[in-house]
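Q: pasting the sequence and the predicted model now:
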Amino acid sequence: MFKNKYSGFLFLLLCSFNCSNHSHNDAGQIQITYWCANNQYEINLAKAIVSEWNQLHPDIPVRYQPVPEGESSEEMILAAVVGKTTPDIYSNMWAGDVEFYVRANKLLQLDQFSDFDSVAAERFSDDVIEQMRSPDGGVYQLLWKTNPILMIYNKTIFEEAGYSSFPSSYSEFLQAADKISIDRDGNGHNDRWIGVTDIRARWRDRLFDFYPFYISASGGKTFLKKGRLAVDKKAAIKVFSFFQSCFKNDYFPYLVPSGSHDVFLYGDVASRITGPWEITHAEKLKPEGFRYDFSSLPVPDNQNGPSYTYADPKSIVIFSTTKFPKESWKFAQFLIRKQSDFYLLDLTSQLPYRRGILSDTLFKSYFKKNPLMIRFAEQANYTRATDSTPVLKELFDAISQEFEACVLYQAKTPEKAVEDMINRMKLVLQ
Amino acid sequence: MKQNRIGWLFLSPYLIHFAVFLAFPIVFSLVLLFHQWDVVSPLKFVGLQNFTKVFQDKLFFKALFNTFYFLIIHIPLQIIVALLLAVILNRKIKFRGFFRAVYFLPVVVSGVVITMLWNQLYNLNSGLLNQLIQSIGLPRVAWLTSPKLAMPSIAIMATWKNVGLYVVLFLVGLQSVPKSMYEAADIEGASEWQKFRKITLPMINSTFFMVVILSTISGFSLFIEPYIMTGGGPMNSTLSAVLYIYKQAFNFYHMGYAATLGFVFAIILFTVVLIQRKVLERDVGY
């Protein structure tokens, strides 16, 4: 009696262990599992692309699945890697995480495929291909989409202060800040500011204030060159000084953002550092008559040349656990072909990492309908991703600590803060 | 034999739970003490390197200091407020049952919800507290953005959240004091303060002891409040030991190092509670 019960229980247990993400269907044929982001726009995109693929390639069926819900998709991917339940292919990996998985041999090297060079050359500039390359020389990701970081600004407030366009240099910005940051209720403290940034000392927050400004001030440099620390000290000092002035003079508030009160849309701040996702957000929630536009980040005085910024890129990766590397690579190519890039832009309002997108006739109708996206598409040519290093978060933590001490609490000079930041980065890299 | 099997079957839910959620994590964390592990790569043996790193880690000592600073504010405040409320609620006042329920309410509400609520209250520019303060002509207070005030502000919030539990404990203690003692004191002409000082306090010292131990342990595990409200800032002034361990483990995936920090921290906690027991147990009459 008991034996039977035990064997039934064991059978159920074994069956449940057998349910995994991979990858053969019932008939033992190939099936690719593709994870997309779990917002509705990207689910719709995955549905459209996968359905087209399945019609064209019935011999290699693809099953799409939104990345499971969690605090962040990064956490869910990590959980999947640890639990060995990774899909074959994933299209929303933060490029900063790629090296972490490369070190652990969890990603497939893509330039091992003979047609990699031609596929990459069709979509990416040489510069971008180099950005995709890991320190070991291999390419393990395809930069899929980019959210160039710009400034959104309230046109009405700036026009009232006498500015027909957004300030382009630090001194112009600070002059405008002096006019725009005011005490409206007369309690002795500003209650309207020119800008805002998250004051919490979390490493990821520096991706959306210090880092884009540093890239911009340094003319497009990142922190590492060929795996070695190569921080542009002068640029870093200028950026720390700039933000320090903003907080010291009460041009930026000491504010932890709240989900219930959007300080930009309520007119409490006149600008903020943001990406193209802001368009959907603003269009949905802006008060009547609210006018806004985007501009490049301000740069240090007397700086010439194009203004670079952070790309905030997401990549397509193939996990090394895949049983169908060639087929997955073929599907990855399908994801980055021109028509799929158009779907990406049209269905999600996110920019594909494709060169020449503004001059391509396929995309013209979209940009005509969505002129604000043109600014992001123009800026996309002048973006940088993060460095390829498995200790990226520690590097940003070092920045965050010094940003807080120097910028928010003025406990250090910008020179000292940059020196301490570089010393800590050296330690981390050791 | 069959009876044995039935016994094991009934025991198995707990045994499985114990093995998966207690025994395995404890044993594995002991293994991690001597390894470097980033969750996705294989374990790498590093000997005692994690321990030497702990003793050179200034930020860990800062986090420890912050935790003790929090305890120094939180425990006395918690005990004083809880005892005061318990004494009031032990008297025959109107709506006593209602007040008892109200004070307990924050205990059962999610810590995250309460923390977000207090985040709004403490807001420098639009928070209710600063609006009240400014309405009486005083300057606004940087509750969470001043390195000096952030930890006391968190301690006040944590006290507000937990006080209901300790009110209940003190109420139980107060109700166990024999009424005859107060009657005898009344006959002797003792004042209210004398009765409280000479009868109530000595008679509830076992409850007092329990409250100190419980609030020390809960205080040592300070995490949600700084995690949500300040992220450990400003200038690491609210970085608690547990938050630091969490950051090492789940932000940077230094699992071996985080396990070592946890181990050292557990020893410190154990030592503190042991000292408290030795000191307080001398006066406890069970």
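A: Right, received. Where do you want to start?

Q: remind me, longest helix of chain B?
A: Ordering each helix of chain B by length in residues (DSSP state H) puts helix B:58-89 first.

Q: and it, what does it pack onto?
A: With contacts taken as 3 or more C-beta pairs under 8 Å, 6 or more residues apart in numbering or on different chains; DSSP states H and E, helix B:58-89 sits against helix B:96-108, helix B:150-175, helix B:205-220, helix B:241-246, helix B:255-281. All C-beta atoms are positioned from the backbone trio N, CA, C, and that covers glycine.

Q: for that helix, give the mean pLDDT please.
A: Mean pLDDT, computed over helix B:58-89, is 93.

Q: now the lowest-mean-pLDDT helix or strand in chain B: buried residues?
A: The helix or strand of chain B with the lowest confidence, counting by mean pLDDT, DSSP states H and E, is helix B:96-108 at a mean of 83. Within helix B:96-108, the residues scored as buried using 16 or more other C-beta atoms under 10 Å in any protein chain shown are B:100, B:103, B:106-107.

Q: next, see if stretch A:129-149 gets close to chain B.
A: No - on the criterion C-beta under 8 Å from any C-beta of the partner chain, stretch A:129-149 is out of touch with chain B, staying 13.7 Å away.

Q: burial of whichever residue of the stretch 151-286 of chain B sits closest to chain A, as a residue count?
A: Relative to chain A, the nearest point of the stretch 151-286 of chain B is B:Gly231 (3.7 Å; C-beta to the nearest C-beta). Other residues within reach of B:Gly231, judged by other C-beta atoms under 10 Å in any protein chain shown, total 23.

Q: these two touch, right, it and A:Trp203?
A: No - under the contact definition of C-beta atoms under 8 Å, B:Gly231 does not touch A:Trp203, with a separation of 9.9 Å.

Q: looks to me like the residue of the stretch 151-286 of chain B closest to chain A is in a helix.
A: No - counting by DSSP: H, G, I helix; E, B strand; the rest coil, B:Gly231 falls outside a helix, being coil.

Q: and the gap between the nearest residue to it once chain neighbours are set aside and A:Thr322?
A: Of all residues not flanking B:Gly231 in the chain, A:Arg200 sits nearest, at 3.7 Å (C-beta to C-beta, 6 or more residues apart in numbering or on different chains). Using C-beta to C-beta, to the nearest Å, A:Arg200 is found at 38 Å from A:Thr322.

Q: close to chain A: what parts of chain B are there?
A: B:2, B:5, B:38-41, B:119-120, B:123-126, B:134, B:139-140, B:142, B:144-145, B:147, B:229-236, B:251-253.

Q: mark which of these are buried, thanks.
A: Neighbour counting over these (16+ other C-beta under 10 Å) leaves B:38, B:40-41, B:119, B:123-125, B:134, B:140, B:142, B:144-145, B:147, B:229-236, B:251-253 as the buried ones.

Q: I'd like the next helix or strand past the helix or strand where A:Leu395 lies.
A: In the assignment (DSSP states H and E), A:Leu395 maps to helix A:392-403. Next helix or strand after helix A:392-403 toward the C-terminus (DSSP H and E): helix A:414-429.

Q: could you say what helices and strands that next one packs with?
A: Under the contact criterion of 3+ C-beta pairs under 8 Å, 6+ apart, the helices and strands touching helix A:414-429 comprise strand A:228-229, helix A:233-248, helix A:392-403.

Q: what's the closest of the ones you listed to chain B?
A: Closest approach to chain B among the helices and strands packed on helix A:414-429 is made by helix A:392-403 (5.6 Å; C-beta to the nearest C-beta).

Q: that closest one to helix A:414-429, inter-axis angle?
A: Between the axis of helix A:392-403 and that of helix A:414-429 there is an angle of 160 degrees, by axes from the mean of the first three to the mean of the last three C-alpha atoms, to 10 degrees.

Q: counting by contacts, list what helix A:392-403 packs against.
A: Where contact means 3+ C-beta pairs under 8 Å, 6+ apart, helix A:392-403 is packed against helix A:95-103, helix A:210-217, helix A:233-248, helix A:414-429.

Q: let's have the ones you listed in JSON lines, adding mean pLDDT and mean neighbour count.
A: Below are the helices and strands packed on helix A:392-403 laid out as JSON lines (pLDDT from 0 to 100; neighbours: other C-beta atoms under 10 Å in any protein chain shown):
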{"stretch": "helix A:95-103", "mean pLDDT": "90", "mean neighbour count": "23"}
{"stretch": "helix A:210-217", "mean pLDDT": "97", "mean neighbour count": "26"}
{"stretch": "helix A:233-248", "mean pLDDT": "96", "mean neighbour count": "20"}
{"stretch": "helix A:414-429", "mean pLDDT": "94", "mean neighbour count": "18"}
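
Q: how about the ones you listed, which one is nearest A:Pro352?
A: Nearest to A:Pro352, of all the helices and strands packed on helix A:392-403, is helix A:95-103, at 14.4 Å by C-beta to C-beta.

Q: send me the helix or strand just after that closest one as CSV with only the CA atoms.
A: The helix or strand immediately downstream of helix A:95-103 is helix A:116-123, counting by DSSP H and E. Presented in CSV, the C-alpha positions along helix A:116-123 are these (Å, rounded to 0.1, in the frame of the first residue of the first chain):
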residue,chain,number,x,y,z
PHE,A,116,28.6,37.2,-38.0
ASP,A,117,30.8,39.9,-39.6
SER,A,118,28.3,40.4,-42.5
VAL,A,119,25.3,40.4,-40.2
ALA,A,120,26.9,42.9,-37.8
ALA,A,121,28.2,45.2,-40.6
GLU,A,122,24.8,45.5,-42.0
ARG,A,123,23.4,47.0,-38.8
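
Q: could you dump the very next helix or strand once past helix A:116-123 to PDB, C-alpha only?
A: Using DSSP H and E, the helix or strand that directly follows helix A:116-123 along the chain is helix A:126-132. What follows is helix A:126-132 as a C-alpha-only set of coordinates in PDB (Å, rounded to 0.1, in the frame of the first residue of the first chain):
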ATOM      1  CA  ASP A 126      32.600  49.600 -36.600                       C
ATOM      2  CA  ASP A 127      32.500  51.700 -33.400                       C
ATOM      3  CA  VAL A 128      29.500  49.900 -32.100                       C
ATOM      4  CA  ILE A 129      30.900  46.500 -33.000                       C
ATOM      5  CA  GLU A 130      33.900  47.400 -30.900                       C
ATOM      6  CA  GLN A 131      31.600  48.400 -28.000                       C
ATOM      7  CA  MET A 132      30.000  44.900 -28.100                       C
END
